[in-house]
Each structure stands twice: as structure tokens, then as C-alpha cells.
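[1] A predicted structure for the sequence below; I have some questions about it.
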Protein chains: 2
Amino acid sequence: MNRPDGLHVVDITDPGDARVDDFRDLNSVDRRPDLPNGKGLVIAEGVLVAQRMIASRFIPHAFLGTDRRLGELADDLFGVRAPFYRASAEVMAEVVGFHLNRGVLGAARRPRELAPADVLDGARTVAVLEGVNDHENLGSIFRNAAGLGVDAVIFGAGCADPLYRRAVRVSMGHALLVPFARAQQWPADLAELREREFRLLAMTPDPTAQTLAHAMADLSGQKVAVLVGAEGPGLTETVMRASDVRVRIPMSRGTDSLNVATAAALAFYERTRG
Amino acid sequence: MNRPDGLHVVDITDPGDARVDDFRDLNSVDRRPDLPNGKGLVIAEGVLVAQRMIASRFIPHAFLGTDRRLGELADDLFGVRAPFYRASAEVMAEVVGFHLNRGVLGAARRPRELAPADVLDGARTVAVLEGVNDHENLGSIFRNAAGLGVDAVIFGAGCADPLYRRAVRVSMGHALLVPFARAQQWPADLAELREREFRLLAMTPDPTAQTLAHAMADLSGQKVAVLVGAEGPGLTETVMRASDVRVRIPMSRGTDSLNVATAAALAFYERTRG
């Protein structure tokens, strides 16, 4: 049925209905060899993440959800032209392959990736990631970036896909809202950050590095790029050498480093705690 | 065989061997109706967590691992009287029910729980949790507590079991090392913190609360208890009222709260960043 607000609600009663194929077998939806780049669609799970998808540059082309979630999303869906496939929780579970208690999904095709120049214009604080290949950590970094005032995320070598379903979910949808771009030449593209007058701050457990508090105080008023590497190996030595200042979080004796998303959050926080 | 250093290495070639029953079907080992309290054994996964178990009050009564991990743990196992059941990766996988790439497990029985008085003696910074019922968040809080100088953790109502296998793993074994205790009367037991001259700092997203930076500056030199509630509901109003100061993390517009373990990490960090 077409509602006066333009929303196109379609009832789905047959789990085999081809119109909901984009939501089928959600546990394997992140790989879609049929799509141009072989990666999956962008999937939003739950009301909050669906709201953020609607507000983002990832334009949903379809929703699948229960009537209750349709009601919760009604205001957000005003003017949205994508069909809302309405189904019972049981039919949804058969389509997606498991019981989804978030009750609603949105699907978007992947738009063109942004370039570093696109996301650096006007930015004053950015996160630069190298080797962060865990989807939960990536999602957490986006959530922390959004909450703590980071304007953009740049991916160096070895990072996982921030649009993977689990990353989007853990980010609470902020992976769709915080602009990100992939460096084309790594780590040579760090030069672009320098040209734009960013100061490059490399996080390290090295006890001879400056403390986060001192380093950020020195950089007050300047543009800052916070560089973090994967848990364990950390940033590569090449990237460490290309940075302006090596920075550590003061840690208790006998402990190793913090989780990479937590370490990044502390750096973002120190930047804005003012 | 008994080695000169006292370590008792036993080769296991039959996955059905009853001597490794404590490691059987690891995905369901957290519930053991046969044990006195119906909870599982404490299980350490991997070399690092096994090392921390050996150093903790959770005395392992058995290990199961590959020869390679036995070699890596040799120094730590010196003087340890528990048998090390040595098996191939294939036999281990059959025992535990999946391929375990960490390669070694330790098992300990649960000792008597500590009381708040046991863990508060000498402590200057403690975390107090209410309603934190997610094992990954609990594990992360212990890891952050250990790294950022928190002396003890107190559990109020509604918290999950910090000795659950996943919590121990995510904590990197720090759930075995950072002392914790359960409040007997909640929230009445907060009075014990006051009697010991702790200042009670309640984390909240309330925009009228003090910023973390200002609140911690005021409490410099005093004992501090950082109170955090579950993501979503946060601390109960009763606990908020029992606190000395309500504290917020400055957040960007349009974002909701941070993950509870991240919020706790920022509070712990602010306490020690000096």
C-alpha cells in the first residue's frame, strides 16, 4: 500500500519472497560475489542504526521489519522512498536465518568511497588507523570518534571494512555518519595531513614517549591526527618515524596495552576534555 | 612423567579421557550443575591469561595444552603442582568442542568470594558497578581497571559473573588479578565506602552534571569510587541520590552515551592522567 506520506509498505508473508533477498541469510550477507566489488550491502540493524542510516549518505533502498518497528520509525521514514517490507518476527527470522530481536533492518548499496581530501576539508581532529583489522574494534572506534568530537577517520594499510555488518552495529551506526576515507598510498599519504597542517600524534606503549596529557596540551589550537595501530604490533616503525610526536597513556605496572578502541577514546577525550 | 622442576606432564591421546573432563565442551563449561554453586570452573585461555591465573588467587588444578604452549609456559609453571595434560591440537579440539587457537587452558576451582572489606583496605580508587550484565563489558572494565590504576571493583545489584569464561578472556586475565567483591546489601553498602572516606562519583549522561575533568580535579588527594551503570538505563536513581557528585563526559551533539567500559576507562584515566 502507498501511504499519504509516500512510504511504500509491502507485507511479506512468504519467507521465500524474492523481494527480501537483500536481507536473506544475514550471517553471510557481508560477502556478495554478485555485487560489483564483491562486498556486501550496507546493513543497518535496529531502530537507532536505521535512523542513522536514513540521516547518512548511505541511502537505504529497502527495509525489512515488524509492524512495531515501522511505527517507531514512522517519523524518520517520512519522505523516504524505499519500500518497507513488513513481516512478522517469525517470517523475518526465516529470512535472515536467526531471530533478530532488533526487529528492523535497512539495506543500502555502497556509494563511491570518499577520498582523504573529501573528509579532511574543515576537519580539526582526525583518527588515522593502521592494521586495525577487527570489526568490533573498528565499530567501537567510530562510536568513540562520534561521541568525542573526531571529524573524520583515515584508513592506512591493513584495516578491515568499516561497513561490515558487525562494525556498523557496534558503532551504533556512526560508521555511516563519521566520514572516512582510505589512503591511496600508505604511508606516503601522511604527507597530505602535514600539508594541511595536521600534527601527527602516534600512540605507542613506549615508556619514553610523552604522556597524552602533555602532548595534547602542546597541540592545543592546532589540527591533530591521532595515529593508532593494531593491538599487539601497534604502528609500524615507518609510520612512527613519520609522526611528529610519540605519545603514551600512563599505565599501571605489570599491565600491557589497552584495547585499541579504548586507547583511541582516551586520546580523543584528552583532545576535548577542556 | 614427573620433571625435575615438579611439573607433572601427562600425555592425552584419547579425547574421551576422563582426566580432561574439566575442559570438555568449553562452550557450555560456564554452567556446571555438579559444582557446589552451579557455576562453572574458572577457565584461563591462552598463555598470557594462564600466566595471570598462576599469579592470582585462583589456583589452577589442571592445564590442557599443546607441547608448544607447555614450552612457552615452562618458566611460569616452575613449582606449580597441577598436572599439565599435553595433547595435539586435534585432540584438544575434540575435547573442548572447537579449534582453540590459543593452545592452552588452565582450570581453577572457585575460591571463597571476597567481601567488600577485604578489597577496600588500602584502596584509593575503586570502581562500583550496577547492572553491568554483559560479560564483554565486564571483562573490558577489568582490563581498563588494571591498566589505569584502579585498586578494586565492587559489584552492586544486577551484575554478571566476572569469572565467566568470556569475561576472563576479554579482561586479558585481569578479572583474576584485580580484587573484586559483591555488595551484600545494595545500595545500603555504599555507606561502607563513605565510612572509609571514599567520595562517590556517579557517571551520568545528564548535561547538568559536572564534567569529569572538574570533578576529578576537586577530588585530587581523596579516595574515589567511580560508580557506573549499565548502558541504556545507567545508574538507578537511588544510587544517584546516594552519590556525592554527578559527573558527565563531554559529548558531541547528536550522540548518545559511550560504551560503559569506555566511559569507565575515561573516568579511570582522568583520575591518573596527572
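    Arrived safely.
[2] can you list the residues of the stretch 151-274 of chain A near chain B?
    Counting by Cβ under 8 Å from any Cβ of the partner chain, the stretch 151-274 of chain A comes close to chain B at A:172, A:174, A:211-213, A:249-252, A:255-259, A:261-262, A:265-266, A:269-270, A:272-274. In short, each C-beta sits where N, CA and C put it, glycine included.
[3] hmm, which of those are the buried ones?
    Among those, those buried by neighbour count (16 or more other Cβ atoms under 10 Å in any protein chain shown) are A:172, A:174, A:212-213, A:249, A:251-252, A:255, A:257-259, A:261-262, A:265-266, A:269-270, A:272-273.
[4] so A:Ala127, which of the three states?
    strand (DSSP: H, G, I helix; E, B strand; the rest coil).
[5] Kindly tell me how buried it is, as a neighbour count.
    Burial measure for A:Ala127: 26 neighbouring residues, criterion other Cβ atoms under 10 Å in any protein chain shown.
[6] mind listing what it touches?
    By Cβ atoms under 8 Å, 6 or more residues apart in numbering or on different chains, the contact set of A:Ala127 is A:141, A:145, A:150, A:152-154, A:225-226, A:228, A:264, A:268.
[7] do that again at 6 Å, thanks
    A:145, A:150, A:153, A:226 (Cβ atoms under 6 Å, 6 or more residues apart in numbering or on different chains).
[8] Give me the subset of these lying in helices.
    Those of the contacts of A:Ala127 mapping onto helices are A:Ala145, per DSSP state H.
[9] Now intersect the contacts of A:Ala127 with the strands, please.
    Here DSSP state E is the test, and the contacts of A:Ala127 give A:153, A:226 as lying in strands.
[10] Throw the contacts of A:Ala127 into a markdown table and include pLDDT and neighbour count, thanks.
    Listed next are the contacts of A:Ala127 as a markdown table, based on pLDDT from 0 to 100; neighbours: other Cβ atoms under 10 Å in any protein chain shown:
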| residue | pLDDT | neighbour count |
| --- | --- | --- |
| A:Ala145 | 97 | 29 |
| A:Val150 | 97 | 27 |
| A:Val153 | 98 | 26 |
| A:Val226 | 98 | 28 |
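[11] and the contacts of A:Ala127 as TSV, adding distance to B:Asp218?
    TSV is the format used below for these (distance: Cβ to Cβ, whole Å):
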residue	distance to B:Asp218
A:Ala145	29
A:Val150	28
A:Val153	34
A:Val226	28
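[12] what about A:Ala167, how many residues close to it?
    Other residues near A:Ala167 come to 22 when the count uses other Cβ under 10 Å.
[13] Would you mind stating the distance between the spatially most central residue of chain A and A:Ala93?
    The centroid of chain A falls nearest to A:Ala175 when counting by Cα atoms, centre = their mean (2.2 Å). Distance of A:Ala175 to A:Ala93, computed by Cβ to Cβ, to the nearest Å: 25 Å.
[14] Tell me where the stretch 101-250 of chain A has strands.
    Applying DSSP state E, counting those that start in this stretch to the stretch 101-250 of chain A gives strands spanning A:104-108, A:125-130, A:152-155, A:180-182, A:198-203, A:210-211, A:223-229, A:245-248.
[15] Nearest to B:Pro15, out of those?
    Proximity to B:Pro15, assessed across the strands of the stretch 101-250 of chain A by Cβ to Cβ, is greatest for strand A:223-229 (39.1 Å).
[16] where in chain A is pLDDT low?
    Scanning chain A for pLDDT under 70 picks out the ranges A:1-6, A:274.
[17] Could you break it into its assigned domains?
    The record's domain parsing of chain A by automatic domain parsing lists A:8-108, A:116-272.
[18] Of those domains, which stretch is the most buried?
    Mean neighbour count, computed with mean count of other Cβ atoms under 10 Å in any protein chain shown, is highest for domain A:116-272 among these, reaching a mean of 20.
[19] I'd like the strands of the stretch 101-250 of chain A written out as a markdown table, with distance to A:Asp189 added.
    A markdown table is the format used below for the strands of the stretch 101-250 of chain A (distance: least, Cβ to Cβ, whole Å):
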| stretch | distance to A:Asp189 |
| --- | --- |
| strand A:104-108 | 27 |
| strand A:125-130 | 9 |
| strand A:152-155 | 8 |
| strand A:180-182 | 9 |
| strand A:198-203 | 12 |
| strand A:210-211 | 25 |
| strand A:223-229 | 11 |
| strand A:245-248 | 19 |
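[20] tell me which parts of the stretch 1-150 of chain A are close to chain B?
    Within the stretch 1-150 of chain A, the positions near chain B by Cβ under 6 Å from any Cβ of the partner chain are A:146-147, A:149.
[21] Quick check: closest non-adjacent residue to A:Leu212.
    In this structure, A:Leu212 finds its nearest non-sequential neighbour in A:Glu270, 4.9 Å apart by Cβ to Cβ, 6 or more residues apart in numbering or on different chains.
[22] Stretch A:255-272: how far from the chain's middle?
    From the chain centre to the centre of stretch A:255-272 is a distance of 17 Å (Cα atoms, centre = their mean, to the nearest Å).
[23] Only C-alpha atoms, please: export that stretch in CSV.
    The C-alpha trace of stretch A:255-272 is given here as CSV (Å, rounded to 0.1, in the frame of the first residue of the first chain):
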residue,chain,number,x,y,z
THR,A,255,49.9,-4.4,32.5
ASP,A,256,50.1,-4.4,28.8
SER,A,257,48.4,-2.0,26.5
LEU,A,258,44.7,-1.2,26.5
ASN,A,259,42.3,-2.3,23.8
VAL,A,260,43.0,-0.1,20.6
ALA,A,261,39.5,1.4,20.7
THR,A,262,39.9,2.3,24.4
ALA,A,263,43.3,3.8,23.8
ALA,A,264,41.9,5.9,20.9
ALA,A,265,39.0,7.0,23.1
LEU,A,266,41.4,8.3,25.7
ALA,A,267,43.3,10.3,23.1
PHE,A,268,40.0,11.7,21.7
TYR,A,269,38.9,12.5,25.2
GLU,A,270,42.2,14.3,26.1
ARG,A,271,41.7,16.4,23.0
THR,A,272,38.3,17.7,24.0
